[in-house]
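[1] Generate coordinates for the sequence data below:
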Amino acid sequence: MIKKIKFPTAQTILFIIAGFVTLLTWIVPAGKYDTILYQKSDNTFTQNSIDNSITLPATKATLDGLNIKIPLEKFTNGDIWKPINVPNTYKKLDTFEYLNFR
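    As a prediction, the model looks like this:
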């Protein structure tokens, strides 16, 4: 007799995915990107890093220098109002730093 194999239920698949993601938390290193935030009041960017914060002029040249391919107008007209990550600035954190940084 051949037994039919049943496809797992949605709950089973979600449980397997949750377990896989939990395992990845021990493999993928914790870290953080530098971020920039547009300051409308003085027309500048604030670049925040793990250990410091600097003020930069809000110009296209600044965005180009940070390798950000977003038009300056998206910041100045309010379309982007949250901090965004700066490409190629990812820094690994050890667990203790990660817990204190949050």
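[2] Quick check on the residue most central in space within the chain: phi, psi?
    Central residue check for the chain by C-alpha atoms, centre = their mean: the C-alpha nearest the mean position is that of Asn85, 5.8 Å away. The phi/psi pair for Asn85 (degrees, to the nearest 10) reads phi -70, psi 140.
[3] swap in the one 4 residues further on?
    Backbone dihedrals for Thr89, given as degrees, to the nearest 10, come out at phi -120, psi 20.
[4] wait, what's in contact with it?
    33-34, 49 (C-beta atoms under 8 Å, 6 or more residues apart in numbering). The way it works is simple: take the backbone N, C-alpha and C, and place the C-beta from them, glycine included.
[5] out of those, who has the most neighbours?
    Using other C-beta atoms under 10 Å as the neighbour criterion, Asp34 leads the contacts of Thr89 with 20 neighbours.
[6] what comes into contact with the strand or helix carrying Gly19?
    In this structure, Gly19 sits in helix 10-27 according to DSSP states H and E. Outside helix 10-27, the residues that touch it by C-beta under 8 Å, 6+ apart are Pro8.
[7] Excluding chain neighbours, what is closest to the residue nearest to the centre of the chain?
    Leaving aside its sequence neighbours, Asn85 sits nearest to Tyr33 (C-beta to C-beta, 6 or more residues apart in numbering; 3.9 Å).
[8] Val86 now?
    Of all residues not flanking Val86 in the chain, Asp34 sits nearest, at 4.4 Å (C-beta to C-beta, 6+ apart).
[9] if I look at the one you found, how far off is Asn85?
    Here the criterion is C-beta to C-beta, to the nearest Å. By it, Asp34 lies 7 Å from Asn85.
[10] just Ala61 next, same as before
    20 Å.
[11] And the strands in the chain, which stretches?
    Assigned by DSSP state E, the chain shows strands spanning 31-32, 35-39, 44-48, 53-57, 84-85, 91-92.
[12] Now tabulate these in a markdown table and tack on mean pLDDT and distance to Leu66.
    Below are the strands of the chain laid out as a markdown table (pLDDT from 0 to 100; distance: least, C-beta to C-beta, whole Å):
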| stretch | mean pLDDT | distance to Leu66 |
| --- | --- | --- |
| strand 31-32 | 89 | 16 |
| strand 35-39 | 97 | 7 |
| strand 44-48 | 97 | 8 |
| strand 53-57 | 96 | 8 |
| strand 84-85 | 96 | 10 |
| strand 91-92 | 88 | 15 |
